[in-house]
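**Q** here is the input, now give the coordinates:
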Amino acid sequence: MTPIQSVVNLPTFQLKTLNSDFMVEERYLKPHYVSKKNAAYTYLLVQKESMTTFILLQHLARYFNCSQQDVSAAGLKDEFAVTRQAISLRAVISNKQIRQANKYFDDSDLTISIERLLGFGQTPIRPRLLHGNEFTVIIRQLAPEIAGNLARNLDSDRFFQFINYYDEQRFGLPGSIHNTYLIGQALLAGDWAAAYHQYLQSGIDANEIASVKSALNQSGSYQTALLKSAANKLSFFVSSYNSHLWNKRLKTVIEQGVNAVQVEFPYVGSIALPIDQTAPIVPRLSIEVEKTNWTTGTNYRTTKTRPVVIPVPVFILDQFADEMHPGYQAVSVSFYLPTGCYATMLIKQLLLMAVL
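**A** Presented below is the predicted three-dimensional model:
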């Protein structure tokens, strides 16, 4: 029997009306610490808001006089949120230097605060150290009925299973056209001109636009311009394209396997979600993808495997009148997600359960 497919719409809601509505605390596996005298790297806990992790790393590199390749993070954090994450710096610095840096950031109106020095080591922080993230989120502009349904659902059963699609952050910056997967597609095809022009439209700021244009004028090569000005983003763009392919494949798998609803998600497109939370679904999904070795400039095939169903205990903290949107309600929730999962995707699926 062919599974039933029906179309539903997301209810009205608002995330990140205030940065403090979206709090993210990184949980990471600790790197191997060494004494300061034997160290090459300093590990820092940094809080930021109103900027991407890429921009945060640029500011830290500029202040501590390092190259961008010498400052790294385990994960990319939301721009419009208050986030705390571990950063490695290829330099050995003191608490006095941290205090001086924080004063500089404060005087410059940069919403960056180095909260503490975590320790010293001989290797940079890499994504493999990221365990997951803890979230405290306020969902605003909810119709009273939807807020009530959401609160009752979580009161009666806090264990929620969501389908692990990539969400819009994977495909672009807020306010952009979300075309990062198209940049990745062009890079894999070796079309550096197309990748360059897509990059200019991707929501980067005026300084980044000026930098990549200057690199093109100096070199006359689209490839050289991107390798010089966006080297730390190229792998992300390729991963964005592969994430797009994974989402498409997952949608097909769900449509073919269970009764599902079709829903249009902003900048992600149409996805399929099972109507029944107890429906049997493949626990993991693998697809073949293509990546690039940037040292040799050659592409290679590999397998991308991700869990499909993520069980998440979601705790409701409060339901209250939304002072930012008169006549509407707000609900605050708290939860933990392993690395590679998107809190915004979880929240959208929670809201869909409140209307089904």
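**Q** which parts of the stretch 251-356 of the chain are helices?
**A** 343-353 (DSSP state H, counting those that start in this stretch).
**Q** any stretches of the stretch 251-356 of the chain with poor pLDDT?
**A** For the stretch 251-356 of the chain, applying pLDDT under 70 flags no range at all.
**Q** where along it do the strands fall?
**A** 260-265, 269-274, 284-293, 298-307, 309-313, 315-321, 329-338 (DSSP state E, counting those that start in this stretch).
**Q** pLDDT score assigned to the residue nearest to Ala215 when sequence neighbours are not counted?
**A** What sits nearest to Ala215 in space, not counting adjacent residues and going by C-beta to C-beta, 6 or more residues apart in numbering, is Ala225, at 3.9 Å. (Each C-beta comes from the backbone N, C-alpha and C, glycine too.) Listed pLDDT for Ala225 reads 95.
**Q** what of the one 4 residues further on?
**A** What the model reports for Ser229 is a pLDDT of 91.
**Q** need the contact list for the closest residue to it other than its chain neighbours.
**A** Of all residues not flanking Ser229 in the chain, Val212 sits nearest, at 4.1 Å (C-beta to C-beta, 6+ apart). If a contact means C-beta atoms under 8 Å, 6 or more residues apart in numbering, then Val212 has Tyr196, Tyr199, Leu200, Ile204, Ala225, Leu226, Ser229, Ala230 as its contacts.
**Q** again, 7 Å this time
**A** Going by C-beta atoms under 7 Å, 6 or more residues apart in numbering, Val212 touches Tyr199, Ala225, Leu226, Ser229, Ala230.
**Q** kindly report the same for Ala39.
**A** Val92, Phe120, Gly121, Gln122.
**Q** backbone dihedrals for the closest residue to the last one other than its chain neighbours, please?
**A** It stands for Gln122. Leaving aside its chain neighbours, Gln122 sits nearest to Ala40 (5.2 Å; criterion: C-beta to C-beta, 6+ apart). Reported as degrees, to the nearest 10, the phi and psi values for Ala40 are phi -110, psi -20.
**Q** check Tyr33 too.
**A** The phi/psi pair for Tyr33 (degrees, to the nearest 10) is phi -90, psi 150.
**Q** tell me which element the closest residue to it other than its chain neighbours is part of?
**A** Leaving aside its chain neighbours, Tyr33 sits nearest to Gly119 (4.2 Å; criterion: C-beta to C-beta, 6+ apart). Element membership for Gly119 (DSSP states H and E) is strand 112-121.
**Q** and whichever helix or strand comes after that strand, how far out from the chain's middle?
**A** Heading C-terminal from strand 112-121, the first helix or strand you meet, by DSSP H and E, is strand 130-142. Remark: strand 130-142 is offset 12 Å from the chain centroid, using C-alpha atoms, centre = their mean, to the nearest Å.
**Q** and stretch 22-33, by the same measure?
**A** For stretch 22-33, the distance to the chain centre is 15 Å (C-alpha atoms, centre = their mean).
**Q** buried set for it?
**A** The neighbour-count check on stretch 22-33 (16 or more other C-beta atoms under 10 Å) flags Phe22, Met23, Val24, Glu26, Arg27, Tyr28, Pro31 as buried.
**Q** likewise for stretch 213-224?
**A** In stretch 213-224, counting by 16+ other C-beta under 10 Å, buried: Ala215, Leu216, Tyr222, Gln223.
**Q** out of these, the closest to Leu45 would be?
**A** For these, the residue nearest Leu45 by C-beta to C-beta is Ala215; the value is 33.2 Å.
**Q** now do the phi/psi pair for that closest one.
**A** Torsion angles, degrees, to the nearest 10, at Ala215: phi -60, psi -40.
**Q** that one touches Leu227, doesn't it?
**A** No: with contact defined as C-beta atoms under 7 Å, Ala215 does not reach Leu227; the gap is 8.6 Å.
**Q** about what we covered before: next, the residue nearest to Ala215: secondary structure please.
**A** Secondary structure, DSSP: H, G, I helix; E, B strand; the rest coil: Ala225 is helix.
**Q** check contacts around Asn179.
**A** So Asn179 contacts Gly172, Gln198, Gln201, Ser202 (C-beta under 7 Å, 6+ apart).
**Q** so which of the residues you listed is the closest to Asn259?
**A** Gly172 (31.8 Å).
**Q** please name the residues that touch that closest one.
**A** Counting by C-beta under 7 Å, 6+ apart, Gly172 has contacts His178, Asn179, Thr180, Ser202, Gly203, Tyr267.
**Q** on that earlier part again, can I assume the residue nearest to Ser229 sits in a strand?
**A** No: per three-state DSSP, Val212 lies outside any strand segment and is helix.
**Q** picking that back up, and of the strands of the stretch 251-356 of the chain, who's closest to Leu356?
**A** strand 260-265 (7.2 Å).
**Q** pull up the pairing partners for that closest one, direction included.
**A** Taking DSSP bridges as the criterion, strand 260-265 sits next to strand 5-7 (parallel), strand 269-274 (antiparallel) in its sheet.
**Q** that one vs helix 343-353, what angle?
**A** Relative orientation of strand 260-265 and helix 343-353, computed by axes from the mean of the first three to the mean of the last three C-alpha atoms, to 10 degrees: 130 degrees.
**Q** okay, Arg140: pLDDT?
**A** Taking Arg140 on its own, its pLDDT is 98.
**Q** tell me how far it lies from Glu290.
**A** Applying C-beta to C-beta, to the nearest Å, the value for Arg140 to Glu290 is 40 Å.
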